[in-house]
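> Pasting a predicted model and its sequence here:
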Amino acid sequence: MSPPPGVKGKESGTARVLGSGASGIAELLVFHPVDTVAKRLMSNKAKVSFSALSPIIFRDYASASVGRKLVSLFPGLGYAAGYKVAQRIYKFGGQPWFHDLINQHFKQNFTNAFGERKGKLMMQATAGSLTGIGEVVLLPLDVLKIKRQVNPEAFRGRGVFRIFAEEGTALYRGWGWTMARNAPGSFALFGASAVTKDYVLGISDYSKATWTQNFIASIAGAVASITVAAPLDVVKTRIQNANFEQKVPGVVVIRDLIKNEGMSAFFKGLTPKILVVGPKLVFSYTLAQSLIPFFGQYV
C-alpha cells in the first residue's frame with residue numbers, strides 16, 4: 001500500500017486497510033442477498049418468467065415463509081466475507097498504489113499520448129484496469145462464494161481446508177475469463193468516475209470531491225463497469241458454478257449459451273445488478289472515505 005503502513009493520517013496504509021475492510025463488511029451484510037439473486041439469475045439456463053422467479057431465486061425455500069426466504073439468500077456468507085473484505089481492501093488501496101506507480105514512471109508518456117487533461121483520466125483508468133487484473137489472486141474465495149450461492153451440492157459436506165487441499169489449482173478455474181472481465185470492467189469503473197468528476201462536475205482534485213459529487217461519479221462509473229463486464233461475467237459465473245470435477249472451457253460455455261439461450265443471455269442478471277450498483281458502490285465508497293481518515297487519527 002502507498003504510503004507505508006507506519007505513516008499516520010488519512011492516507012496511511014493501516015488506516016486504509018481498516019477503513020476499507022470495515023466498509024466491505026458493512027456492504028456484505030446489506031448487499032449479499034442481492035448478489036445471490038443476480039448470481040442465480042445468471043446461472044439459470046431456463047426461460048425466465050414472472051411465475052418462475054421464486055423457484056429460481058429461493059430454490060428449495062420458494063414456498064417457505066418470508067423470513068426463511070430471506071435467510072436463504074445468505075449462502076456462503078463466510079466465503080463471501082473473506083472475499084468481500086479482501087477485495088475492498090485491495091480495490092480501495094490497490095488502485096491508488098498503481099496510480100502512484102504510473103504517475104511516477106509513465107506520466108510523461110500518457111501526457112504525450114493523450115494530453116494533460118485526458119492523460120490524467122487515462123492514468124486513473126489504467127490504474128483501475130491493472131488493479132482489476134491483479135484481483136485474480138482472490139479468485140478461490142470468489143469461486144467458493146459463487147458455488148455456495150448457486151451450487152451448494154458441489155461441497156458435499158467438505159470443509160474449506162479440505163477443499164483447498166483437494167482442489168488446489170482447480171479453484172483458479174476461469175482465471176483467464178476473470179482477468180478478461182476485470183480489466184475492462186475496472187477500466188470503465190475508475191475511468192468513467194474520473195471523467196464524470198472532471199468533465200461533468202468540473203473537479204480537478206478528485207480527493208476534494210464532496211459526498212454528492214462522489215455519489216454521482218460512483219453511479220456513472222459503476223453502471224459503465226457492470227455493463228461493459230456483464231457478458232464476460234456471465235461466462236465466468238457459468239464456469240465457476242459447475243461441480244469441481246467438471247472442466248468446462250469458456251468457449252464451450254459461450255457456444256452453448258448462444259445456441260440455447262440467444263445473445264441476450266449474456267446480460268442475464270444485469271438489471272438487478274444495475275438497480276443496486278449505484279447505492280452499493282456509493283455506500284461502500286462513502287463509508288470507506290469516512291472511516292479511513294477516522295482511523296488515521298489513531299493509526
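Sure thing, it's come through.
> which parts of stretch 123-140 are buried?
By neighbour count with 16 or more other Cβ atoms under 10 Å, stretch 123-140 contains the buried residues 123-133, 135-136, 138-140. C-beta coordinates here come from the backbone N, C-alpha and C atoms, glycine included.
> Report the mean confidence score over that stretch.
Stretch 123-140 shows a mean pLDDT of 90.
> And the contacts of it?
83, 86-87, 90-91, 94-96, 98-99, 101-103, 106-107, 110, 164, 171-172, 174-175, 178-179, 182-191, 193-194, 206 (Cβ atoms under 8 Å, 6 or more residues apart in numbering).
> Repeat the analysis, applying 7 Å as the threshold.
83, 86-87, 90-91, 94-95, 98-99, 102-103, 107, 110, 171-172, 175, 178-179, 182-183, 185-187, 189-191, 194 (Cβ atoms under 7 Å, 6 or more residues apart in numbering).
> Ok, stretch 279-293 next?
Residues contacting stretch 279-293 (Cβ under 7 Å, 6+ apart): 10, 15-16, 18-20, 22-24, 26-27, 30-31, 88, 92, 211, 214-215, 218-219, 222.
> which among those end up buried?
The buried subset of the contacts of stretch 279-293 (16+ other Cβ under 10 Å) comprises 10, 15-16, 18-20, 22-24, 26-27, 31, 88, 92, 214-215, 218-219, 222.
> which residue ranges form the helices in the stretch 151-299 of the chain?
For the stretch 151-299 of the chain, applying DSSP state H, counting those that start in this stretch gives helices covering 160-167, 175-195, 211-240, 250-261, 270-296.
> can you put the ones you listed in CSV and add distance to residue 65 and mean pLDDT?
As requested, the helices of the stretch 151-299 of the chain are exported to CSV (distance: least, Cβ to Cβ, whole Å; pLDDT from 0 to 100):
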stretch, distance to residue 65, mean pLDDT
helix 160-167, 30, 69
helix 175-195, 37, 88
helix 211-240, 29, 83
helix 250-261, 33, 82
helix 270-296, 22, 77
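> would you put the C-alpha positions of stretch 44-62 in CSV?
Provided in CSV are the C-alpha atoms of stretch 44-62 (Å, rounded to 0.1, in the frame of the first residue of the first chain):
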residue,chain,number,x,y,z
ASN,A,44,-30.3,-20.1,-14.7
LYS,A,45,-30.5,-21.7,-18.2
ALA,A,46,-34.2,-22.0,-18.5
LYS,A,47,-36.5,-19.3,-19.8
VAL,A,48,-37.3,-16.7,-17.1
SER,A,49,-40.9,-15.8,-16.4
PHE,A,50,-42.5,-14.0,-13.5
SER,A,51,-44.1,-17.2,-12.2
ALA,A,52,-40.7,-19.0,-12.3
LEU,A,53,-38.8,-16.3,-10.5
SER,A,54,-39.4,-17.6,-7.0
PRO,A,55,-38.1,-21.1,-7.6
ILE,A,56,-35.1,-19.7,-9.4
ILE,A,57,-34.2,-17.2,-6.7
PHE,A,58,-35.2,-19.0,-3.5
ARG,A,59,-34.6,-22.6,-4.7
ASP,A,60,-35.9,-25.1,-2.0
TYR,A,61,-37.4,-22.2,0.0
ALA,A,62,-39.7,-20.9,-2.7
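> No more questions from me, cheers.
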